[in-house]
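Colleague: 3D, please:
(chains A, B, C and D)
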Protein chains: 4
Amino acid sequence: MEAIGKKVWAIAEGYIPPFGTGPEPEFTSHEAACMLNTSDEDAHVEIILFFEDKEPIGPYHITIPARRTLHLRFNNLKDPAPVPRGTGYASVIVSNVPIVVQHTRLDSRQAANALISAIAYPAS
Amino acid sequence: MEAIGKKVWAIAEGYIPPFGTGPEPEFTSHEAACMLNTSDEDAHVEIILFFEDKEPIGPYHITIPARRTLHLRFNNLKDPAPVPRGTGYASVIVSNVPIVVQHTRLDSRQAANALISAIAYPAS
Amino acid sequence: MEAIGKKVWAIAEGYIPPFGTGPEPEFTSHEAACMLNTSDEDAHVEIILFFEDKEPIGPYHITIPARRTLHLRFNNLKDPAPVPRGTGYASVIVSNVPIVVQHTRLDSRQAANALISAIAYPAS
Amino acid sequence: MEAIGKKVWAIAEGYIPPFGTGPEPEFTSHEAACMLNTSDEDAHVEIILFFEDKEPIGPYHITIPARRTLHLRFNNLKDPAPVPRGTGYASVIVSNVPIVVQHTRLDSRQAANALISAIAYPAS
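Modeller: The predicted structure follows:
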């Protein structure tokens, strides 16, 4: 299939709530970058995280196989460093092939969970 | 009326919660692609679903009559296969006339429901 | 100030929950088109509603004064017809000057309310 | 890094709930403009607020340092005037370098909080 999307995306909102309630991992407070690679090539993706009070961290290296989606939880990023909880951040996502990116958060700090989702910003 | 929108859309986020609470069908956990066809022609739409660990499924064939909206629940897709519950997916929506697409999920796993909505990505 | 935005917008998602809980009007289940007119001219706006099973209704005529925002509740539209509750719909918003449009719903069917918001589709 | 984004953004939706529940400041009802400056220059940002029934207020002056994000709570704007609670408003955000802007609200009027987020409108 044709490669749909852009190669550079940005998500200005980022915040992993520092705690949660309910059975894990479904109800763990988390943030995800939902990424779709419709192309027939693997997408090699680099993620850079930006903070309010320190230099950016990254890149994190991720592969989205050809014709696959990846719902990546920022919670699971480890290398070069885990994402701090309870801290505002933002992210830039760069891919070698066009992809589509959507941002989602599950906030389960309360028994009644809250969800948000927004399209990421397609830069170029 | 003039045909508004694009012919190719993508939704990177997709997840039908595996259970729900409350009276059905209003409070059934579901995901919907809300599609608007402002044109004076029927829109013949093909939907392809992408997964994290298997090849895409589709196309699903849908018609949106001229000058109508269709709030399609992914839950109701049957042919060529139902959409698995509790599984991350993504979708590409292709129409022969321009349409507008918005994505919504009702998560009723808890008595206090959560809702998300985001504009889909207008590809071309 | 410079006129920011587009003259034609579409919102594919539309649904006014048929009931609500909590003190009115703040907690009335509602949908709103939040519109911003940054220009120095009044914006004369026409809204057309699309349905799943009948012909479009409209136009509804709205004015957004120069340098003002209007958070219009679809619940309050009366002429040529009120918006049916518990029914899927979509909308097209046409203005004589550029405006910006964002869509929001408060669903107060449950004691724990749910909120959604999404940018509308900027058509032209 | 390359400067990603646009220099003029608009958020048509704005409403700071007049009260909240839960521990502050995490659970204070608030609205935020999440802004990302990926460039190597400080971003000098001006925010103008628009209302339904009075002239715009501003500009508010904000700096986002080079390679930083800022999750600005509208609640904290003071000069030239605080943002009224329980009142619809909208905002225009102008920067001297490209930035990315996303809008978020936490509504904690109820014990079960509600969250919304949407990409702002990238004007130019």
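
Colleague: any chance you could map the strands in chain A?
Modeller: Using DSSP state E, the strands of chain A run over A:6-11, A:30-37, A:43-51, A:57-64, A:68-73, A:89-107, A:114-119, A:121-122.

Colleague: For these, please prepare TSV with the additional fields mean neighbour count and distance to residue B:36.
Modeller: Every residue, glycine included, has its C-beta placed from N, CA and C. Formatted as TSV, those follow (neighbours: other C-beta atoms under 10 Å in any protein chain shown; distance: least, C-beta to C-beta, whole Å):
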stretch	mean neighbour count	distance to residue B:36
strand A:6-11	23	24
strand A:30-37	25	22
strand A:43-51	20	30
strand A:57-64	16	30
strand A:68-73	22	24
strand A:89-107	24	20
strand A:114-119	27	17
strand A:121-122	22	21
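
Colleague: among those, which gets the worst mean confidence?
Modeller: The minimum mean pLDDT among the strands of chain A belongs to strand A:114-119 (a mean of 78).

Colleague: just the angle between that strand and strand D:114-119, please?
Modeller: Orientation check (axes from the mean of the first three to the mean of the last three C-alpha atoms, to 10 degrees): strand A:114-119 against strand D:114-119 gives 10 degrees.

Colleague: just the angle between strand A:114-119 and strand A:89-107, please?
Modeller: Put simply, strand A:114-119 runs at 140 degrees to strand A:89-107, going by the same axes, to 10 degrees.

Colleague: Who does strand A:114-119 pair with, and is each partner parallel or antiparallel?
Modeller: strand A:89-107 (antiparallel) (DSSP bridges).

Colleague: Output the partner strand as CSV, restricted to C-alpha atoms.
Modeller: Only the C-alpha atoms of strand A:89-107 are listed here, as CSV (Å, rounded to 0.1, in the frame of the first residue of the first chain):
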residue,chain,number,x,y,z
TYR,A,89,7.2,16.7,28.6
ALA,A,90,6.8,16.8,24.8
SER,A,91,8.0,14.6,21.9
VAL,A,92,9.2,14.8,18.4
ILE,A,93,8.9,11.6,16.3
VAL,A,94,11.0,11.2,13.1
SER,A,95,10.6,8.3,10.7
ASN,A,96,12.4,7.3,7.5
VAL,A,97,9.1,6.5,5.8
PRO,A,98,5.8,8.4,6.1
ILE,A,99,3.7,7.4,9.2
VAL,A,100,0.6,8.6,11.0
VAL,A,101,0.7,9.5,14.7
GLN,A,102,-2.0,10.0,17.3
HIS,A,103,-1.5,10.7,21.0
THR,A,104,-3.6,9.1,23.8
ARG,A,105,-3.5,9.2,27.6
LEU,A,106,-5.2,7.0,30.1
ASP,A,107,-5.4,8.7,33.5
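
Colleague: If the residue nearest in space to the middle of chain A is in a bridge, with which residues?
Modeller: Central residue of chain A (C-alpha atoms, centre = their mean): residue A:33, 2.7 Å from the mean position. In this entry, residue A:33 is beta-bridged to residue A:72, residue A:103, by DSSP bridges.

Colleague: For it, give its distance to residue A:82.
Modeller: The gap separating residue A:33 from residue A:82 is 16 Å, by C-beta to C-beta, to the nearest Å.

Colleague: The strands of chain A into TSV, with extra columns for distance to residue D:75?
Modeller: Below are the strands of chain A laid out as TSV (distance: least, C-beta to C-beta, whole Å):
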stretch	distance to residue D:75
strand A:6-11	22
strand A:30-37	22
strand A:43-51	21
strand A:57-64	28
strand A:68-73	29
strand A:89-107	19
strand A:114-119	18
strand A:121-122	24
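
Colleague: who's in contact with the residue nearest to the centre of chain A?
Modeller: A:11, A:47, A:71, A:72, A:74, A:91, A:93, A:101, A:102, A:103, A:120 (C-beta atoms under 8 Å, 6 or more residues apart in numbering or on different chains).

Colleague: residues in chain A within reach of chain D, list them.
Modeller: Residues of chain A lying close to chain D by C-beta under 8 Å from any C-beta of the partner chain are A:8, A:10-15, A:48, A:50-53, A:55-56, A:86, A:88-90, A:92, A:103, A:105, A:107, A:110-112, A:114-121, A:123-124.

Colleague: Chain D versus the nearest residue to residue A:47 once chain neighbours are set aside, what's the distance?
Modeller: Nearest residue to residue A:47 in three dimensions, chain neighbours excluded: residue A:60, at 4.3 Å (C-beta to C-beta, 6 or more residues apart in numbering or on different chains). Taking C-beta to the nearest C-beta, to the nearest Å as the measure, residue A:60 falls 15 Å from chain D.

Colleague: cool, and residue A:108?
Modeller: Here the criterion is C-beta to the nearest C-beta. By it, residue A:108 lies 11 Å from chain D.

Colleague: Compute the number of surrounding residues for that residue.
Modeller: Residues lying near residue A:108 (other C-beta atoms under 10 Å in any protein chain shown) number 24.

Colleague: How about the backbone phi and psi for it?
Modeller: Backbone torsions of residue A:108, given as degrees, to the nearest 10, read phi -110, psi 30.

Colleague: hang on, isn't it packed against residue A:29?
Modeller: Yes: judged on C-beta atoms under 8 Å, residue A:108 makes contact with residue A:29 at a distance of 4.8 Å.

Colleague: Just grab the bridge partners of residue A:95 for me.
Modeller: Going by DSSP bridges, residue A:95 forms beta bridges with residue A:45.

Colleague: ok, it touching residue A:42?
Modeller: No: contact criterion C-beta under 8 Å: residue A:95 and residue A:42 do not qualify, at 10.1 Å.

Colleague: Overlap of the contact sets of the two?
Modeller: Counting by C-beta under 8 Å, 6+ apart, the common neighbours of residue A:95 and residue A:42 are residue A:64.

Colleague: Return the residues of chain A in contact with chain B.
Modeller: A:1, A:4-5, A:26, A:32, A:34-36, A:38, A:67-71, A:100-102, A:104, A:111-119, A:122.

Colleague: ok, now with 6 Å
Modeller: A:4, A:34-36, A:67, A:69, A:71, A:100-102, A:104, A:112-115, A:117-119 (C-beta under 6 Å from any C-beta of the partner chain).

Colleague: could you list every residue that touches residue A:7?
Modeller: Going by C-beta atoms under 6 Å, 6 or more residues apart in numbering or on different chains, residue A:7 touches A:95, A:98.

Colleague: separation between it and residue A:45?
Modeller: Residue A:7 is 10 Å from residue A:45, by C-beta to C-beta.

Colleague: before we move on, what about residue A:80?
Modeller: Counting by C-beta to C-beta, the gap from residue A:80 to residue A:45 is 15 Å.

Colleague: Likewise for residue A:54?
Modeller: Distance of residue A:54 to residue A:45, computed by C-beta to C-beta: 23 Å.

Colleague: Equivalent analysis for residue A:75, please.
Modeller: Going from residue A:75 to residue A:45 by C-beta to C-beta gives 17 Å.

Colleague: just residue A:32 next, same as before
Modeller: Taking C-beta to C-beta, one finds residue A:32 at 14 Å from residue A:45.

Colleague: No further questions, thank you.
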